[in-house]
Each structure stands twice: as C-alpha cells, then as structure tokens.
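Asker: sequence and predicted structure are below.
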Amino acid sequence: YMGDSKLSMLQRTLATQAARAARGLPSRWPIAGVDHVVVVSSAKGGVGKSTTAVNLAIAMKLVAPDKSIALLDADVYGPSVPRMMNLQGQPALTEKNFMVPLENYNVKCMSMGFLVEDDAALVWRGLMVISALQKMLYQVAWGKTDVLGL
C-alpha cells in the first residue's frame, strides 16, 4: 500500500511527465530525497569541472551549514572527487542494497572512484556508462538532501 501523500506525488509526477512528453521534452525522474540539482558541465575535458563542483559543494555548506549538500562525481573515465574530498574506501550498503555515500567536510559524496581500483583498466561502452550513472543517481541512499551537485 502506498500512502496518500506518496500516491498524490506519483500522480503529480506522472502528470508532469505526460505534459513534458506532449511538448517533446524528455522525462524527468526525481532523485529520492533530493530537492535541487546543480550540474557543472562542459564539452571539453581538463577545464576544471570537478574542481568547480567540489568548490561549489563546500562553499554551499559553508554558507548554509544547516543545508544538506551532496556531490556526485559523474566522471566515469577519470573520477577525481575522491582525491579532492580526501575520501577513500567503498560505500556501505543498506538493507535494500542502496549505496551509502561517503562523507567529508559535511558533504556526502558518491563517485565511481569508490567502486573501482585506482589502477584498474576499464572499458566503458555507452550503455554501461548510462547504467553506472543511473545506479549512482537512483541506488544511493542520499537521504534528505537539499542540493546535489553533479
């Protein structure tokens, strides 16, 4: 059984998705527990996207210490956030097999760097990358998160 509030939220989400699809826009699926998403992106490598994302996350936490800030390192080819956030190890799993983000500087972090060895040679193909990113977005126990930086 779904509670009334969850059911009405699902109905609103489906109605919004239908309206977006009618306008030819892609669907948006909410990330459980996340209120806002900030994306740092560029079509060029080596321009400081990860550095900017880390600095933004820590700055947001310093400016609003009562807010819950999280950071997802979506760089599957060269994850650098674990090093910049001084984090290492693998995330624990909840009873429902959700990954628990590692935390430092009061910022929750998830990165492919936590899941593979530093010297591991990996070959990523399109669907594998999409699947990994979906898992890191939707199968992480973000908890109550005000802002998720990507």
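Answerer: Looks like it arrived, so ask away. Residues are numbered from 1 along each chain as shown.

Asker: contacts and neighbour counts: CA atoms only from here.
Answerer: Will do.

Asker: residues contacting the residue minimising distance to the centre of the chain?
Answerer: The chain has residue 72 as the residue nearest its centroid, 3.9 Å off, counting by C-alpha atoms, centre = their mean. The contact partners of residue 72, by C-alpha atoms under 8 Å, 6 or more residues apart in numbering, come to 109, 110, 111, 136, 137, 148, 149, 150.

Asker: list buried residues within those.
Answerer: Buried subset of these (neighbour count, 16 or more other C-alpha atoms under 10 Å): 109, 110, 111, 136, 137, 148, 149, 150.

Asker: skipping its backbone neighbours, what lies nearest the fourth one in space?
Answerer: Leaving aside its chain neighbours, residue 136 sits nearest to residue 110 (7.1 Å; criterion: C-alpha to C-alpha, 6 or more residues apart in numbering).

Asker: wait, a strand at that neighbour?
Answerer: Yes - the assignment for residue 110 is a strand, going by DSSP: H, G, I helix; E, B strand; the rest coil.

Asker: how close does it sit to residue 17?
Answerer: Using C-alpha to C-alpha, to the nearest Å, residue 110 is found at 27 Å from residue 17.

Asker: which residues of this protein fall in helices?
Answerer: 4-22, 49-63, 81-84, 126-138 (DSSP state H).

Asker: ok, which of the ones you listed comes nearest residue 105?
Answerer: When these are compared by C-alpha to C-alpha, helix 49-63 sits nearest residue 105, at 7.1 Å.

Asker: could you dump the closest one to PDB, C-alpha only?
Answerer: What follows is helix 49-63 as a C-alpha-only set of coordinates in PDB (Å, rounded to 0.1, in the frame of the first residue of the first chain):
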ATOM      1  CA  LYS A  49      34.600  20.800 -13.800                       C
ATOM      2  CA  SER A  50      35.400  18.500 -10.800                       C
ATOM      3  CA  THR A  51      37.300  21.300  -9.100                       C
ATOM      4  CA  THR A  52      34.400  23.700  -9.600                       C
ATOM      5  CA  ALA A  53      31.900  21.100  -8.400                       C
ATOM      6  CA  VAL A  54      33.900  20.400  -5.200                       C
ATOM      7  CA  ASN A  55      34.400  24.100  -4.500                       C
ATOM      8  CA  LEU A  56      30.700  24.800  -5.000                       C
ATOM      9  CA  ALA A  57      29.700  22.000  -2.700                       C
ATOM     10  CA  ILE A  58      32.000  23.000   0.100                       C
ATOM     11  CA  ALA A  59      31.100  26.700  -0.400                       C
ATOM     12  CA  MET A  60      27.400  25.900  -0.200                       C
ATOM     13  CA  LYS A  61      28.000  24.000   3.000                       C
ATOM     14  CA  LEU A  62      30.000  26.900   4.500                       C
ATOM     15  CA  VAL A  63      27.300  29.500   3.500                       C
END
